[in-house]
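> model this:
(2 chains)
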2 protein chains.
Amino acid sequence: MKRLDTREPNFETAFTTLLSNREEQGQEVHKPVADILAAVRKEGDAALCAFTERFDRLPLTAQQLAFTAQEVEQARAKVSPELLEALDVAAQRIESFHKNQLPSDIRYTDDVGMTLGMRWIPLDAVGLYVPGGKAAYPSSVLMNAIPAKVAGVRRLAMCVPTPDGVINPLVLAAAHRAGVTEIYRVGGAQAVGAMAYGTQTIRPVDRIVGPGNAYVAEAKRQVFGYVGIDSIAGPSDVVVIADSNTNPRLIALDLLAQAEHDECAQATLITPDAAFADTVIQAVEAELRVLSRAAIAGASWARNGAVLICRDMQEAVELANRLAPEHLELMVDDPESLFAHVRHAGAAFLGRFCPEAIGDYVGGPNHVLPTSRTARFASGLSVFDFMKRTTFLSGGPDALRQIGPAAVALAQAEGLEAHALSVSARLDVLAASTPNT
Amino acid sequence: MKRLDTREPNFETAFTTLLSNREEQGQEVHKPVADILAAVRKEGDAALCAFTERFDRLPLTAQQLAFTAQEVEQARAKVSPELLEALDVAAQRIESFHKNQLPSDIRYTDDVGMTLGMRWIPLDAVGLYVPGGKAAYPSSVLMNAIPAKVAGVRRLAMCVPTPDGVINPLVLAAAHRAGVTEIYRVGGAQAVGAMAYGTQTIRPVDRIVGPGNAYVAEAKRQVFGYVGIDSIAGPSDVVVIADSNTNPRLIALDLLAQAEHDECAQATLITPDAAFADTVIQAVEAELRVLSRAAIAGASWARNGAVLICRDMQEAVELANRLAPEHLELMVDDPESLFAHVRHAGAAFLGRFCPEAIGDYVGGPNHVLPTSRTARFASGLSVFDFMKRTTFLSGGPDALRQIGPAAVALAQAEGLEAHALSVSARLDVLAASTPNT
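Predicted coordinates for the structure are as follows:
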């Protein structure tokens, strides 16, 4: 863990190093991923089954790629009623928030009599990638699938690897709750290839979303353009801005909730109170003695943890903006006034009784958020990821007469004669049909 | 040119081939682009100058990378008042349309007393790539820069190569009109690298937009994640749906306006009237005898042109949806009723006197649009490309008591103990401080 103070002379150098460590570090898996994608594109199901046997130690026929409705129901029956109820609370709140996101179409007629506008249209088909094994989070299934459903996507296909054939019942229960009925037990770059290019069993989709390991991320990068993708997820991170009125153990737990994800996760506390900072550091150490995931959380905290002591809350927000965190907690008396100055954060959590973990599960806003400081330019998953816009322009002779000549002049200047003629020939037609009065 | 009729038995096979020809065909330039990006990242200005000398035959010092305000003014002075006026008409209309796109923030309090919302925030810094040479279109400068300005982006940096030192005055005039004051005479993958990673002279940006050749596209693909990018542009295309009441020469000119862009451009006519189709084909041939860009337009039409004869207008729209064109012209009596069924198109042009060329220059909606059938999932450039969203969640003890337990249950099921504790410890604090009444 790095403990930095903005009043120390070497702060800027140390902080810049911290920032650059948080930017995306590409892993060089271009070639193996390209090979997998090419094989899936060429051989379809056969390649998909072969890679699943090789990487997941799971021999499958093409007929076994998809989960049957019965298999999903059997998995769901293994989940406790209490958990199904919790899933439902989460699903309802996620659905409600994302319905509020739905954008409105635009349509208006301007001063030259031209009607202009923009229509939002849902995608036809979306693929959801859900990681298997340790990182299989049912909550992420809800967070990925529900916005797509709310947006009006017609077809949702989900891929989730089941290494050694091990199925996570709660993942399938979450898919069921979100209305996903097309689920395949494949993962890795091969799953991305199947969803992008299609196989005999899996029809291609238009956009692929969902987190994954370095191979999945590189596969998404390589199919980008052929299909749409969401952002490429890096290590998860949180910045907690807290004052000394906050219970230090609660702040420690919030930091560790980030650190326990994996050893690359990044938890940062920013506070103007050096003594409070030290109390939180001690509380983190105390919790690490008892936490079940202490090995992971401890490694993350040791390597990537940071405690930044600053002059005041204004400086705290400035540091947070430079860190552009995925998650930002404002654990202070008046979080709204601080939040007004936040420019770069995926999601913000305001108030001492609103920790990030609420947002991870049941808050309503999406927990799929921009990592690796990409909150500078990227946003969390939303209904916008599952819709696209068609602009339109409609006009008659009057509008053409008014704005056509400018188009002709620019087309000629760009050396595009047919562009110019396509407008001027229409103006000629109009001139010929209208007597000069 | 392919002439296909939906009533012929081989139509589906021929149409599927047509579709697959329109999807993005990647060029294998991964390695040379990776090398250029690595050199720029490591050596900064020195690499930028070396590549500009090698690829653009233009020896530059670091001090000469940026255009001075005087150079921009000198270039602008070479542009005729008529053209400056046409640029202004275009700029005003583009600005007006994009202002209508500006989204609204969300904020509401729900039934458990939690306040939820979403704030739209402009990016800090954006890089505009503008191709040099033949494909340097001043109109594209307006289309890229104005939405960024309308969105509220603080800093806009523009890169435009000037091979052999040749400057396009109208490009600089357009940049000036759009309020771009930071312009560099560099291009190719090296320009993308400079904007992504920064050099001594060019500060890094958060997102890079604008079209370019295969090297620029691959460079954008490789820096994606480190910075944001817009979609990767392929060959331009148009689908024109027309009935026999339309002047066939006008339709021919609209098709050729697409074909004249480059030999890869794709122009398609869809009509239910076979005789009209043949008249348009003859009109295209007649225009190709006199058009200044006949060599390019003729090659495009021969290789990629298509005329699809269909049963009726409903089938015409279905074919257009499968083609997911960048531009869609509806040259019919009642374009609105057809447009209601359009699901996949970047931009639509409604009515016989509203050709695509109007939208290319002065319509108002953006002309940077999804190519290569990506209108299935992608949208034209907009203010949304220059803004991002921060969601927020704010709640007190009451809300936590109501939804906290579901979060604890899900966190425990996912094996994330610190997540569960971060909520349950707060519930414990509340229970301890509130007497059980």
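
> and the helix or strand encompassing residue A:143, what other elements does it pack with?
For residue A:143, the host element (DSSP states H and E) is helix A:138-151. In terms of contacts (3 or more CB pairs under 8 Å, 6 or more residues apart in numbering or on different chains; DSSP states H and E), helix A:138-151 is packed against helix A:81-101, strand A:125-129, strand A:155-159, helix A:169-177, helix B:397-413. Where C-beta positions appear, they are placed from N, C-alpha and C, glycine not excepted.

> How far off centre is it?
Computed by CA atoms, centre = their mean, to the nearest Å, the chain-centroid distance of helix A:138-151 equals 11 Å.

> Show me which helix or strand of chain A is least confident by mean pLDDT.
The weakest-scoring helix or strand in chain A, judged by mean pLDDT, DSSP states H and E, is helix A:11-21 (a mean of 84).

> Let's see the following helix or strand past that helix as CSV, backbone CA atoms only.
Counting by DSSP H and E, the element after helix A:11-21 in chain order, helix or strand, is helix A:30-43. Provided in CSV are the C-alpha atoms of helix A:30-43 (Å, rounded to 0.1, in the frame of the first residue of the first chain):
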residue,chain,number,x,y,z
HIS,A,30,-2.9,-11.4,-30.3
LYS,A,31,-1.7,-14.4,-32.2
PRO,A,32,-3.3,-17.3,-30.2
VAL,A,33,-6.6,-15.4,-30.1
ALA,A,34,-6.5,-14.7,-33.8
ASP,A,35,-5.9,-18.4,-34.4
ILE,A,36,-8.8,-19.4,-32.2
LEU,A,37,-11.1,-16.9,-33.9
ALA,A,38,-10.0,-18.1,-37.4
ALA,A,39,-10.7,-21.7,-36.5
VAL,A,40,-14.2,-21.0,-35.1
ARG,A,41,-15.0,-18.9,-38.1
LYS,A,42,-13.9,-21.7,-40.5
GLU,A,43,-15.0,-24.8,-38.7
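
> Could you list the buried residues of the helix or strand that helix A:30-43 is followed by?
Going down the chain from helix A:30-43, the next helix or strand is helix A:45-56, by DSSP H and E. Across helix A:45-56, burial judged by 16 or more other CB atoms under 10 Å in any protein chain shown covers A:45, A:47, A:48, A:49, A:50, A:51, A:52, A:55, A:56.

> list the contacts for the last one?
Same thing as residue A:56. Neighbouring residues of residue A:56 by CB atoms under 8 Å, 6 or more residues apart in numbering or on different chains: A:132, A:161, A:162, A:163, A:164, A:186, A:187, A:188.

> Out of those, which is nearest to chain B?
Of all those, chain B sits closest to residue A:132, with 13.6 Å by CB to the nearest CB.

> May I have the secondary structure class of the residue nearest to that closest one when sequence neighbours are not counted?
Leaving aside its sequence neighbours, residue A:132 sits nearest to residue A:161 (CB to CB, 6 or more residues apart in numbering or on different chains; 3.6 Å). Three-state assignment for residue A:161 (DSSP: H, G, I helix; E, B strand; the rest coil): coil.

> number of nearby residues for residue A:18?
19 (other CB atoms under 10 Å in any protein chain shown).

> and the gap between it and residue A:304?
As judged by CB to CB, to the nearest Å, residue A:18 and residue A:304 stand 9 Å apart.

> and if you look at residue A:252?
From residue A:252 to residue A:304 the distance is 16 Å (CB to CB).

> of these two, who's got more company?
residue A:252 (28 against 22).

> That one: which element?
helix A:248-259.

> How about that helix and chain B, touching?
Yes - using CB under 8 Å from any CB of the partner chain, helix A:248-259 comes into contact with chain B via A:249, A:250, A:253, A:254, A:256, A:257, A:259.

> ok, now which ones touch the third one?
If a contact means CB under 8 Å, 6+ apart, then residue A:253 has A:287, A:355, B:418, B:421, B:422, B:425 as its contacts.

> Pick out the most distant pair among the residues you listed.
Greatest spatial distance in those: A:287 and A:355, 14.2 Å, computed using CB to CB.

> what sits against the residue of the stretch 101-250 of chain A found nearest chain B?
Proximity of the stretch 101-250 of chain A to chain B (CB to the nearest CB) peaks at residue A:228, 3.7 Å away. By CB under 8 Å, 6+ apart, the contact set of residue A:228 is A:123, A:206, A:207, A:208, B:374, B:377, B:378.

> cool, residue A:374 as well?
Counting by CB under 8 Å, 6+ apart, residue A:374 has contacts A:24, A:231, A:234, A:324, B:225, B:228.

> How about the contacts made by the second one?
So that's residue A:231. By CB under 8 Å, 6+ apart, the neighbours of residue A:231 are A:370, A:371, A:374, A:378, B:225.

> Looking at these, which is nearest residue B:3?
Closest approach to residue B:3 among the contacts of residue A:231 (CB to CB): residue B:225, at 44.0 Å.
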